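Asker: have a look at this prediction, sequence included:
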Amino acid sequence: MANLGAFFHSHRAHEPAPEVMAAAHGRVNLIGEHTDYHQGFVLPMPIPQRTTVTVRRRSDYLVRASSTAMQPSMVEYEIGDEARGSGWLDYVQGVTYVLARTGRCALTGFDLTIDSSVPPGAGVSSSAALSVALLRALRIMCRFTIGDLEIAQLAQRVETEFIGAPIGIMDQMSCSLGHPDKALFIDTRSLHYERIKWPPHAGLIVINSGIVHAHAGGEYAVRRRESFSAAALLGVRYLRDATLDSLERVRLPSPLDRRARHVITENARVLEAVQALRDRDPDRLGELFNASHLSMKHDYETSTPEIDTLVEIAQADPGVYGARLTGGGFGGSVVMIAHAGRAAAAADRIATAYTKTAGIPGTVLVPDQSMPRFPRV
Ligand code: GLA
């Protein structure tokens, strides 16, 4: 799994410190949306697009960061002076901020270059990929003994403690622990995870709707609050512990009843999807995708008219078993399960029809024609 790991780069004699390079892939969530902050179940999977970082230790405390894709392309700050509000640099600052707070790593400054093919705002975890890649590189640079699960937990703290996005741990665990061609089934209560092989006779499609989403504040935080109010009224701390029976008995006010119903039914769908993956049953997986989308559209209300259009076009395509919005919502991407060997053609058809109907360019992220073997199509 060389492309998911980290390794020393070439070391020229006149340079004071070796370069360390590390990478992390973005992810698509197959199913299990808005369940992770309720200690529920999720089923993400890595996508081919990834973020690669190169760091070289400095003898002072300056971090000089440059990015090939983002503006401004070069920025700097001092370790200890991290302050939010600098766009993409916030994720870099967040990493040094949380690392320093572990008290287990003697951090110096470093020169950093970032190169990423994970599109930001597409619901495929560009920020988690950056945080995880940088943590992997700094783990080597600082000789910091830390496991991959802890990397995921630190990357989550970057979001919750530094960026101010009250997210769960799905994205960071997927970026840190996911393997290509394998779905990562996570119980976000125990943090137990299991990699499940993607069935060879099913294809995967991910299309970016072009509607940019963001999680810091906004609707994501509103949904989170509403769902915790619903949990409290049902007498549980997390909706993982609520049941449809308790929802019948207590009769919550709208929209809290629908918020709770989404999380309860979505947790059940993840467990069924895991079974369908094991049974190699793409028909069942497709039905679960479709049901999950309806639940997000009507109960959790995280979809948008453009996303619904894209989902409907996909669901009507003969090469597709099922389709749903993936990720936090309010924009981003749609994930589809396709007939084996037909994913690439279906993806082209669907993206073209969406672009025409919605008037916004839809971009096919998976299958990635530049890496046709990852993941399987
Ligand atoms: C975002 C968050 C995740 C998760 C999803 C919704 O991706 O980062 O923690 O809550 O939204 O399933």
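Answerer: Here it is on my side, so go on.
Asker: residue numbers of the chain in contact with the ligand?
Answerer: By C-beta under 6 Å from any ligand atom, the part of the chain that sits against the ligand consists of N29, E33, H34, D36, Y37, I167, G168, M170, D171, H215, G327, G328. All C-beta atoms are positioned from the backbone trio N, CA, C, and that covers glycine.
Asker: burial check on the residue nearest to W88 when sequence neighbours are not counted, number of neighbours?
Answerer: Nearest residue to W88 in three dimensions, chain neighbours excluded: M70, at 4.5 Å (C-beta to C-beta, 6 or more residues apart in numbering). By other C-beta atoms under 10 Å, 16 other residues sit near M70.
Asker: now do the longest helix belonging to the chain, average pLDDT.
Answerer: Longest helix of the chain, by residue count under DSSP state H: helix 256-278. Across helix 256-278, pLDDT averages out at 98.
Asker: how about the next helix-or-strand element following that helix as PDB, C-alpha atoms only?
Answerer: Next helix or strand after helix 256-278 toward the C-terminus (DSSP states H and E): helix 282-294. The C-alpha trace of helix 282-294 is given here as PDB (Å, rounded to 0.1, in the frame of the first residue of the first chain):
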ATOM      1  CA  PRO A 282     -25.400  -5.000  -5.600                       C
ATOM      2  CA  ASP A 283     -29.200  -4.900  -6.100                       C
ATOM      3  CA  ARG A 284     -29.700  -4.700  -2.400                       C
ATOM      4  CA  LEU A 285     -26.900  -2.200  -2.000                       C
ATOM      5  CA  GLY A 286     -28.600  -0.100  -4.700                       C
ATOM      6  CA  GLU A 287     -32.000  -0.200  -2.900                       C
ATOM      7  CA  LEU A 288     -30.300   0.900   0.400                       C
ATOM      8  CA  PHE A 289     -28.500   3.800  -1.400                       C
ATOM      9  CA  ASN A 290     -31.900   5.000  -2.800                       C
ATOM     10  CA  ALA A 291     -33.600   4.700   0.600                       C
ATOM     11  CA  SER A 292     -30.700   6.500   2.300                       C
ATOM     12  CA  HIS A 293     -31.100   9.400  -0.200                       C
ATOM     13  CA  LEU A 294     -34.900   9.700   0.400                       C
END
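Asker: show me what secondary structure element comes after helix 282-294.
Answerer: Heading C-terminal from helix 282-294, the first helix or strand you meet, by DSSP H and E, is helix 305-316.
Asker: the helix or strand following that following helix pairs with which strands?
Answerer: Downstream of helix 305-316, the next assigned helix or strand under DSSP H and E is strand 320-326. Counting by DSSP bridges, the strands paired with strand 320-326 are strand 333-339 (antiparallel).
Asker: so the strand it pairs with versus helix 282-294, what angle?
Answerer: Angle of strand 333-339 versus helix 282-294, following axes from the mean of the first three to the mean of the last three C-alpha atoms, to 10 degrees, is 160 degrees.
Asker: distance from the chain centre to strand 333-339, please.
Answerer: Per C-alpha atoms, centre = their mean, to the nearest Å, the displacement of strand 333-339 from the mean C-alpha position of its chain is 16 Å.
Asker: quick one: buried ones out of the residues of the chain next to the ligand?
Answerer: Those of the residues of the chain next to the ligand that meet the buried threshold are N29, E33, H34, D36, Y37, I167, G168, M170, D171, H215, G327, G328, by 16 or more other C-beta atoms under 10 Å.
Asker: ok so the third one is a helix residue?
Answerer: I take that to be H34. No - using DSSP: H, G, I helix; E, B strand; the rest coil, the assignment for H34 is coil, not a helix.
Asker: look up the closest residue to it, ignoring the ones flanking it.
Answerer: Sequence neighbours aside, Y300 is the residue nearest to H34 in space, at 5.8 Å (criterion: C-beta to C-beta, 6+ apart).
Asker: can you check the fifth one too?
Answerer: If you skip the residues right next to it in sequence, Y37 has G168 as its closest partner in space, 4.1 Å away by C-beta to C-beta, 6+ apart.
Asker: for the one you found, give me its contacts.
Answerer: By C-beta atoms under 8 Å, 6 or more residues apart in numbering, the contact set of G168 is T35, D36, Y37, V42, Q156, T188.
Asker: can you add pLDDT and distance to T113 and give those residues back as CSV?
Answerer: Compiled in CSV, these are given as follows (pLDDT from 0 to 100; distance: C-beta to C-beta, whole Å):
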residue, pLDDT, distance to T113
T35, 99, 36
D36, 98, 31
Y37, 98, 33
V42, 99, 32
Q156, 98, 24
T188, 98, 33
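Asker: and the residues you listed, which two are furthest apart?
Answerer: Farthest apart among the contacts of G168 by C-beta to C-beta are T35 and Q156. That separation is 15.2 Å.
Asker: distance of D299 relative to the ligand?
Answerer: The gap separating D299 from the ligand is 14 Å, by C-beta to the nearest ligand atom, to the nearest Å.
Asker: neighbours of that residue, just the number please.
Answerer: Neighbour tally, D299, other C-beta under 10 Å: 19.
Asker: isn't it right up against I264?
Answerer: No - because the distance of 9.7 Å does not satisfy C-beta atoms under 8 Å, D299 is recorded as not touching I264.
Asker: which residues of the chain score low on pLDDT?
Answerer: Counting by pLDDT under 70, the low-confidence segments of the chain come to 1-15, 214-217, 369-377.
Asker: which residues of it fall in helices?
Answerer: Using DSSP H, helices in the chain cover 89-102, 126-141, 148-157, 170-177, 218-233, 244-250, 256-278, 282-294, 305-316, 343-358.
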